[in-house]
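Participant: return a 3D structure for these sequence lines:
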Amino acid sequence: MLLCRRLLPQVHTPIRVYAQLLIGSRIHGKAISRSRHANITVHNALPEDVDLAPVLHRASRVEKKLLERVSCISTWLPPRVPKKSAQVEKMVEALPNPFAAYTELRAQNRTLAASLSLPILVALSEKATKHGLSTIVDGIATDVLDGIITTSKRQLRVATALLSATHHDSPIIDKQKIHSLLILLHQSHALSELSSANISTLVKYIVDNPGTDPYDAKIIDILLPLFHQSLTNQSAPKGSKSMSYRPPGDVFIAFGLIHKLLVFDRDRHALRLFQTLTETCHIPVEAFTEVYHTSAKDNNFAFVIRSTLVRACLHWGWYHRALDIVVTAIRTQVSSDVALTELALSTLHLALHNASTNHFKQCTWLICHLVNSASGVIVPDSMVRLFYEKAMHLQDGPSAEILYRDTQSPRVIRRIKYPLPRGYSLTWLMNHLTITSRNVHLARTLAKQVIDEMEPIPVQDRAHFIALTASHGFSSSARTLWERYSVGRDREAVLGNASLMLRMVSIFSKLIFRTTAEIEEPTSRQDEASSSTASTLERQKLLEDLLQFAELVVGAFRMSKGSLDETSHYDLSTLARAYIALGRVSEGLDMLKVLLQRYEIPDLYDINIALSAMAELHPKKAVGILKKMVGRGIRPDAVTFGTIIHHAILHGEMRLAGYLIGRAKELGCDELSAKTTASLIRASVNADGAPKSVLKENLQRAWEIIQSGDVSSVVHTPNTGKYCIFASLRLDDPVMAFKFWEALVKEKTEWGDGKQVFQRRLIANMIQRQCQEGALSRSRGREMLAQLKERRVLL
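Facilitator: Okay, the predicted model is just below:
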C-alpha cells in the first residue's frame, strides 16, 4: 500500500474517495500537485459527464479551491447528530462545507458559479432544498430565471430539481419564483418532467394556504391539467372492498382544490374536477341524498358544490377539511343562510367529537360565530357542553374562555341563555380563569352563575372549586357554596378539606380585620355622628356574623378530624395557621405543641407558621428568630423570607424589608414568591415622600417585572394595576397609566365596574390635558382614548 500511495492521484478512484476534503492539496497527509494532479483527481472523482477542466482553467487559485469543495456535493452527507440537538437547527445559519463554498464562490463570481456542471447544480438544488438552505435555493433559482445559468437543457434540469424537492410544509422558494419556474417548464413543454408526487405536493401547498395570494390561482392554472389527469386513474373499489377503502392523498387534496377553485371564481374547472371525483366514486351517493332547504337567493352553484363536498368529507372522516370549507363559506357569504347554518352545525358536531389540538381553533371560531350570529341561530346546549369537555381534554383553556365570554355577553344573554360546563370541565374552567388567565371578572361571573343556576359540582371537585373562589376574593360566593355543600351525605369532602378551610379562614380573617378597622376609625365631623352611629351598628352586626362564620368553618374542620392525637401532621399545621390568622395565636401554637408532644420533628412549614404569627405582630422579632435559625444551620426558604418581608411592608418597615431581600440573595433565595413581589411593587410605587425620579424608576421596574413575569401570578391582578395606575397619574404620566390599565385591568374586571370606570375617566382626563398642552401627540391620545372608550375633545 505504501508503494502504491505515490501513484494514487493518477488512478481512477470511486466518487466516495473524493468525499474527503482536498484542502491544502493533501490526501492522507501527502502533498500533490496543485495543477495537473489536482485537476485529474477532481475529474476522476466526479461522474463521467462532469467536466470541470474548462472551469478550473479560467478560475483563480482561490476559486479553484472553492470549486474543489463544491464538487464534493454528490457525496456530502449531513453530520450525524441527535434529532433534538441544537446543531440541526443551526445548520441553516452555518452552512455545511460544499454549500458554504458555493455561497462564497457565487459572491465572488456569479457567472463562474452558474457555469458549474449540470450534475453539481442539480445535486446542490436537491440537497439544499432537502435540508432547508433557503439562501442556496434562492440563489440558484434566481440564476435560472435571470439567464445566468445558460442553455435550455441546464435551465430545465435545474428548474425541475428545484420544484421536485419542494416537499416541506413551508417551501423555501417563494410563490413568485415557483410560478416563474413553472412558466419556464411550461413554455418548453417540460412539465411532464415533474412526477405526479411533485405536482401533488405543489398543489397541496396552495390548497393548505389559509390566505389568498395572487400567485395561487396562476400556479393552479398551470398544474391543474396534470393533477386532474392523475385523478382519473384513481377509482374507488366497489363491493366488499369498499368497506375498508381509504382514498389516497390526492383525493384529499382534490377536495380542498375544488374549494379553492370556487374561491378563485374558477367554477368551470371546479365542476370538471367535481365530476371526476363523482365518476371515480370518491364522492359517495349519500352526499347527494341530503337536501337542505335553501332560499332561491342562496341556492347557488358554490353552495351546492361545497355542501356536497362537506358531506363527502364527513363520510371519509376528513373533519378538518370539512371545517375549512364551512368556515370559508361563512366568511365569504354576503347574507345569512339557514341552509349554511344547518350545515355548519352538523359539521361542528362531528368535528368536535374528532377534533385534534391543531384543528380545535377552527371549531372555536365557528361556534363563537354561531353564538354571536345576529340571525337568531341557537347552538344546542349539548354542543356547547361538548365543546367545553373537548377543550378540557385538549387542555385548551383560552378557547373555552373565549366561548364562555361570548355566551355571557349582554347581547347574547338577551337572546338566549347558554349552559355552563358540566362535571369536571366546570372546575377546570374555573381553574383556568383564576390561575392561568387571571380573568377576575369572568371567574366571579362563573361562581355567581353556579350559585344562581344550582349547577352541581362533582363531589371530588367541590373543595377545590370553593377554594378557588375564596382565594380570589369572592367571599360571598365561597360562603354560599360552602354552606350548600357542608350538609348532606358528602359533606366530609368539604368540611374535612384542610386547604379549603385555610382559604376560607384567610379571606374572612381579612374581612374581619377590615371591618374592625372601620369600626375603630373615629368620625371626623360632629354632624355625621348620628349616621356614623347607625353605620357602626351595622358594621358590628357584620363583624359578629363574620366571626361566627369563621369559627364555624374552623370548628367544623376540627370536629371532622376527631381527636387531636390522631390528626395528621399536615392537618394540625393547617389548624395552627387558621388560628393564627384569626388572631388566636396561643391556640395556634397549641397545635404545634401537640406535634412536639408526639415527638414529631417540626419541618420548615411549621417554622414558617410560627414566624408568620410573630411577624404579623412584631416583624423585627421575627427577623431575630430568623437569624437564630441561620446560626443553627436551618436554611430558610423563599416562603420564610417572603412572609416576613410582606408583614414588614405592612408595618412600614421598608429598611427591614430591604435588609431581608439582601439577606435572601446571600442565602441563595433569589426567587421570592409572587405574593411578596406584588407587595414590593405596591410599596415601591406608593412610597410617601420619595422623589419623583425614584418613583419613576420604581414604576419602570414594576412594568418590567409585569412584562417578564408569569401572567398567572399574583402580580398580574387588577389590584396591582390599581396601585400602579394611581402612581403613574401622580407622576403626570398617562401613557404609563394606560399601559398598566391595558395589561392588568382591561380584560380582568367587568367593563362597567365602578373602580375601572373611575380609572378610565382619570386616565382620559389627563390624556386630554396633555394633548391640549402639547406634551402628548394627538394621534397617540386618540389611540388610547379609543381603547378607553372615552370621548374627549382634543383641541
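Participant: what about the stretch 551-700 of the chain, any weak spots by pLDDT?
Facilitator: Scanning the stretch 551-700 of the chain with the threshold set as pLDDT under 70 gives 670-676, 679-680, 684, 687-690.
Participant: tell me the buried residues in stretch 598-615?
Facilitator: If you call a residue buried by 16 or more other CB atoms under 10 Å, then stretch 598-615 has these buried ones: Asp606, Ile607, Asn608, Ile609, Ala610, Leu611, Ser612, Ala613, Met614, Ala615. From N, CA and C alone the C-beta is placed, and that goes for glycine too.
Participant: avg pLDDT for stretch 439-457?
Facilitator: When pLDDT is averaged along stretch 439-457, the result is 93.
Participant: residues in contact with it: which ones?
Facilitator: Stretch 439-457 has contacts (CB atoms under 8 Å, 6 or more residues apart in numbering) with 401, 404-405, 408, 420, 422, 426-427, 429-430, 433-434, 465, 468-469, 472-474, 477-478, 480-481, 484-485, 717-718, 747-750, 753.
Participant: hang on, the earlier thing: and the buried residues of stretch 598-615, which of them are in helices?
Facilitator: Among the buried residues of stretch 598-615, the members found in helices (DSSP state H) are Asp606, Ile607, Asn608, Ile609, Ala610, Leu611, Ser612, Ala613, Met614, Ala615.
Participant: ok, for Glu104, nearest residue in space, not its chain neighbours?
Facilitator: Leu66 (5.8 Å; CB to CB, 6 or more residues apart in numbering).
Participant: now for the helix or strand hosting that neighbour, which elements pack on it?
Facilitator: Leu66 is located in helix 61-70, with elements delineated by DSSP states H and E. Helix 61-70 is packed against helix 36-45, helix 53-57, helix 97-108, with contacts defined by 3 or more CB pairs under 8 Å, 6 or more residues apart in numbering; DSSP states H and E.
Participant: that one to helix 97-108, inter-axis angle?
Facilitator: Relative orientation of helix 61-70 versus helix 97-108 (axes from the mean of the first three to the mean of the last three CA atoms, to 10 degrees): 140 degrees.
Participant: chain center to helix 61-70, what's the gap?
Facilitator: Computed by CA atoms, centre = their mean, to the nearest Å, the chain-centroid distance of helix 61-70 equals 47 Å.
Participant: need the buried residues of stretch 598-615 in a markdown table with distance to Gln234, can you?
Facilitator: A markdown table is the format used below for the buried residues of stretch 598-615 (distance: CB to CB, whole Å):
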| residue | distance to Gln234 |
| --- | --- |
| Asp606 | 73 |
| Ile607 | 74 |
| Asn608 | 70 |
| Ile609 | 73 |
| Ala610 | 77 |
| Leu611 | 75 |
| Ser612 | 73 |
| Ala613 | 78 |
| Met614 | 80 |
| Ala615 | 76 |
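Participant: between these, which is closest to Leu537?
Facilitator: Leu537 has its nearest neighbour among the buried residues of stretch 598-615 in Ala613, at 32.0 Å by CB to CB.
Participant: hmm, Gly588 and that closest one touching each other?
Facilitator: Yes: the criterion here is CB atoms under 8 Å, and Ala613 meets it with Gly588 at 6.1 Å.
Participant: any common contacting residues for the two?
Facilitator: Common neighbours of Ala613 and Gly588 are listed as Ile580 (criterion: CB under 8 Å, 6+ apart).
Participant: in the stretch 401-550 of the chain, which spans are helices?
Facilitator: In the stretch 401-550 of the chain, the helices defined using DSSP state H, counting those that start in this stretch lie at 410-415, 424-431, 440-452, 462-471, 475-485, 492-495, 498-520, 529-561.
Participant: could you point out which of those helices sits nearest Thr574?
Facilitator: Nearest of the helices of the stretch 401-550 of the chain (CB to CB): helix 498-520, 4.1 Å.
Participant: using PDB, write out the CA atom coordinates for whichever strand or helix holds Lys755.
Facilitator: With elements taken from DSSP H and E, the one containing Lys755 is helix 754-773. Output of helix 754-773 as PDB, limited to C-alpha atoms (Å, rounded to 0.1, in the frame of the first residue of the first chain):
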ATOM      1  CA  GLY A 754     -67.200  51.300  39.300                       C
ATOM      2  CA  LYS A 755     -63.400  51.200  40.000                       C
ATOM      3  CA  GLN A 756     -62.500  50.600  36.400                       C
ATOM      4  CA  VAL A 757     -64.800  53.300  35.200                       C
ATOM      5  CA  PHE A 758     -63.200  55.700  37.600                       C
ATOM      6  CA  GLN A 759     -59.700  54.700  36.500                       C
ATOM      7  CA  ARG A 760     -60.600  55.100  32.800                       C
ATOM      8  CA  ARG A 761     -62.000  58.500  33.500                       C
ATOM      9  CA  LEU A 762     -58.900  59.700  35.300                       C
ATOM     10  CA  ILE A 763     -56.600  58.500  32.600                       C
ATOM     11  CA  ALA A 764     -58.700  60.000  29.800                       C
ATOM     12  CA  ASN A 765     -58.800  63.400  31.600                       C
ATOM     13  CA  MET A 766     -55.000  63.500  31.900                       C
ATOM     14  CA  ILE A 767     -54.600  62.400  28.200                       C
ATOM     15  CA  GLN A 768     -56.900  65.300  27.200                       C
ATOM     16  CA  ARG A 769     -55.000  67.800  29.300                       C
ATOM     17  CA  GLN A 770     -51.600  66.700  28.000                       C
ATOM     18  CA  CYS A 771     -52.800  66.800  24.400                       C
ATOM     19  CA  GLN A 772     -54.000  70.300  24.800                       C
ATOM     20  CA  GLU A 773     -50.700  71.300  26.400                       C
END
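Participant: and it with helix 440-452, angle?
Facilitator: 160 degrees.
Participant: list the helices and strands helix 754-773 packs on?
Facilitator: Identification of packing neighbours for helix 754-773 by 3+ CB pairs under 8 Å, 6+ apart yields helix 718-730, helix 734-744, helix 778-788.
Participant: out of the ones you listed, nearest to Gln229?
Facilitator: Closest to Gln229 of the helices and strands packed on helix 754-773, according to CB to CB: helix 778-788, at 54.8 Å.
Participant: for the nearest residue to Gly423 once chain neighbours are set aside, give me its contacts.
Facilitator: Among residues not flanking Gly423 along the chain, Pro458 sits closest, at 5.8 Å (CB to CB, 6+ apart). Contacts for Pro458 were tallied using CB under 8 Å, 6+ apart; they are Gly423, Tyr424, Leu426, Thr427.
Participant: ChimeraX command for the buried members of these?
Facilitator: Buried residues among the contacts of Pro458 (16+ other CB under 10 Å), as a ChimeraX selection:
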select :426,427
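Participant: from the contacts of Pro458, which is closest to Ala113?
Facilitator: Nearest to Ala113 out of these is Tyr424 (CB to CB; 63.0 Å).
Participant: what does the pLDDT read for that closest one?
Facilitator: At Tyr424, the model reports a pLDDT of 94.
Participant: and it, what is it in contact with?
Facilitator: By CB under 8 Å, 6+ apart, the contact list for Tyr424 reads Met392, Pro458, Asp461.
Participant: ok, those residues vs Arg682, which is closest?
Facilitator: Nearest to Arg682, judged by CB to CB, of these is Asp461 at 32.9 Å.
Participant: so that closest one makes contact with Leu426?
Facilitator: Yes: contact criterion CB under 8 Å: Asp461 and Leu426 qualify, at 7.5 Å.
Participant: disregarding residues adjacent in the polypeptide, which is nearest to Ser196?
Facilitator: Setting aside the residues directly before and after it, Ser196 is nearest to Ser230 in space (CB to CB, 6+ apart), at 4.7 Å.
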